[in-house]
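Student: Structural data only, the sequence is not supplied:
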């Protein structure tokens, strides 16, 4: 839930444009957020040592199986980059896994196809359509999280495939919390186990929604699992960003030149870039809700990435945030209504509920910020 | 003393202005968007020259020139225009409709260059070269980076240096739109006694990148086509930042330009 | 009432000059027929390209004689820009020797490429001008101000009577002048931002 912050508590990182309402964000004496502090730390870390850790982890968790590890992918730049590095640089044999999202975009589908043409083995899981839709809708209404079900299915799909194929090692891309201004508690943790994940993400709210959904055990196969199912297994979950300084623009250039990645012909909704998060259209609703809840949108996140990698200054990013941040995903509205089986009035009522009234006011049917990004 | 120049390049494609990343384009906005977010009445005071390139796959010169003249209404700086110039008549039309110089990229042959320079002078032509690194070699590409030339970089630059052109523009396809800074290694391939002005482009994301280019002895001008990074007051802030470094850029007084409007009415 | 005729003889960026004049609020028209030059108080002779071709074009429709005639009328003023300024002089060594309009004493020749002081040709970019105090053409403009140049040929052997303004590029050359009713700018005032607009203002004012 959004924390009880007053709009007077709203301020911005002096280095990038992250704001103080972002959940789990912290600032240092210079008013630099933790993402920017991490950017500095990355330059000082001894990556050699971390590479050695990687070798040990691989040794420990590599199975006698045909596949050494799992890499979750979507067809986008990050998963594709990681899978390629693991196979082509480390010489391992990864099994790539995708949990099919709802409302897929053509660019995304094409990217996945092109990626797979580079000889990566792949398992594509499509969970029960109505079950996912139900949980997504409940997430949308009750948590302002429009693809709540899909998010969990990504995680559980990976675990079930790992269990079924006796694979004990999973490489995610980046730890978004550490890279973009969230919790830094795992900065120095190379692997975390299932128990930790389940305790952090599948208790409380999630359990309640699953219960209230009244879906059957069969329908929930890709959305839940019980502790006994993995009790005896020791699956290590890790992030590639722990072993190599994460640079999503580098991943983009790599995927574009080596793995057939293509981009949108115009900017993606709510931002100035066209080369990220192109697999499904609900992301635009997710970032719009994020904007209404916390006062920062997709353009702010992308500007932060550009600022931290040295491609632009804060002032330049500010101009882009002012131009692109507040974007109601009008272009996908009919798709959303059709998917959720809602009419426009109901849909907008949910949006209105999640708008932070301390930060926004409704003017002629549009939510406008009361604040000015500084 | 001859000053260095900061050039802004606009890429036009089928009625839109675009952001290019390694020559893959993203539509950003039409001329109305440009007027709103770039305010050419004022940004032309923060740059020294404007280049406008038509990179549409199928070109319509009349519509392009129409769009061009909307943007140029209040620009009192040199304007260079290019995009598919392959004949004297196209060059003539462009030079009579707003452009001071033309940019030629895919048709750098002596026949065309002689024809144009005989009437308009070599100083009205900028030879633009797009290059990309392939394995360890710099290769030249034309036709929006789709066709690779067989000739090697050294030979080509020597050839261009002897052509009737006024300036040479070196544009890195690898750095284009990345915001990773300019590629200066290409300068090693220029003939020692190069007698044309050198413009470098490809990779400028911020003022620091532009400054690095301006500060190099053998570079006369730096161009950026990064439409997104310099939106709003981006070009003004960049120029102010660079001027603080005590570089040789021309100095303008914006207030005078505003005062002179309709002075004689 | 000040009225400017911009001479169209097939060479020169007429639109840029027209744009400047419109911005300043000065009535102007592009004229390609000398018969229509009668009612204008000011003439602007632009020019970009070959001296030889320019003279040949001017002669084609009797513009050549018309300009010489106007230059003798002290009530009319002429401004030559870039090649247009060079045409006002006696001759040019571009493509052999070509006779110019001969209104002002002086010759046009190419920048010398000197082994000691290597310079690039053409001279393109913004460079500084130096002038004596009380130069009416440069009223309101600071000495050493920047203007846009783009040329390979320049005027030499000129007299000090024409209030010469100099620019350094390998050597000192004539970047502007004004002599009675004849004005000249080797640089492009229509491409020189604030400084350029002041030059045009000063030409019209006097």
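Tutor: Done, it's in. Quantities reported herein were computed from a predicted structural model and do not represent experimental measurements.

Student: quick one: the strands in the stretch 1-150 of chain B?
Tutor: Along the stretch 1-150 of chain B, the stretches classed as strands by DSSP state E, counting those that start in this stretch are B:5-13, B:16-21, B:24-29, B:49-54, B:79-82, B:101-104, B:125-134, B:137-142, B:147-148.

Student: Out of those, which gets nearest to chain A?
Tutor: With Cβ to the nearest Cβ as the criterion, chain A lies closest to strand B:24-29 of those, at 4.5 Å. For glycine as for every other residue, the C-beta is placed from the backbone atoms N, C-alpha and C.

Student: hmm, back to that, how about CSV for the strands of the stretch 1-150 of chain B, with mean neighbour count and distance to chain C added?
Tutor: Below are the strands of the stretch 1-150 of chain B laid out as CSV (neighbours: other Cβ atoms under 10 Å in any protein chain shown; distance: least, Cβ to the nearest Cβ, whole Å):
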stretch, mean neighbour count, distance to chain C
strand B:5-13, 23, 6
strand B:16-21, 22, 21
strand B:24-29, 20, 24
strand B:49-54, 24, 8
strand B:79-82, 25, 8
strand B:101-104, 24, 7
strand B:125-134, 21, 9
strand B:137-142, 18, 22
strand B:147-148, 12, 29
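
Student: Can you convert those into CSV and add a column each for mean pLDDT?
Tutor: Converted to CSV, these look like this (pLDDT from 0 to 100):
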stretch, mean pLDDT
strand B:5-13, 97
strand B:16-21, 96
strand B:24-29, 95
strand B:49-54, 97
strand B:79-82, 96
strand B:101-104, 97
strand B:125-134, 97
strand B:137-142, 96
strand B:147-148, 96
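
Student: I'd like those strands as a markdown table, with distance to chain A appended.
Tutor: Shown next, in a markdown table, are the strands of the stretch 1-150 of chain B (distance: least, Cβ to the nearest Cβ, whole Å):
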| stretch | distance to chain A |
| --- | --- |
| strand B:5-13 | 10 |
| strand B:16-21 | 7 |
| strand B:24-29 | 4 |
| strand B:49-54 | 17 |
| strand B:79-82 | 22 |
| strand B:101-104 | 24 |
| strand B:125-134 | 11 |
| strand B:137-142 | 15 |
| strand B:147-148 | 16 |
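
Student: Between these, which one is closest to residue B:231.
Tutor: strand B:24-29 (8.6 Å; Cβ to Cβ).

Student: which residues make contact with the closest one from outside it?
Tutor: A:256, A:263-267, A:274, B:11, B:13, B:16-20, B:37, B:55, B:227-228 (Cβ atoms under 8 Å, 6 or more residues apart in numbering or on different chains).

Student: Could you report the pLDDT at the residue nearest to residue A:328 when sequence neighbours are not counted?
Tutor: Ranked by Cβ to Cβ, 6 or more residues apart in numbering or on different chains and with sequence neighbours excluded, the top spatial neighbour of residue A:328 is residue A:288, at 6.1 Å. Note on residue A:288: pLDDT of 97.

Student: Apart from its chain neighbours, what residue comes closest to the residue in the stretch 251-374 of chain A that chain B sits nearest to?
Tutor: Here the residue of the stretch 251-374 of chain A nearest chain B is residue A:311; by Cβ to the nearest Cβ that distance is 2.7 Å. Leaving aside its sequence neighbours, residue A:311 sits nearest to residue B:179 (Cβ to Cβ, 6+ apart; 2.7 Å).

Student: can you pull the contacts of that neighbour?
Tutor: A:306, A:309, A:310, A:311, A:312, B:203, B:204, B:205, B:206, B:209, B:226, B:229.
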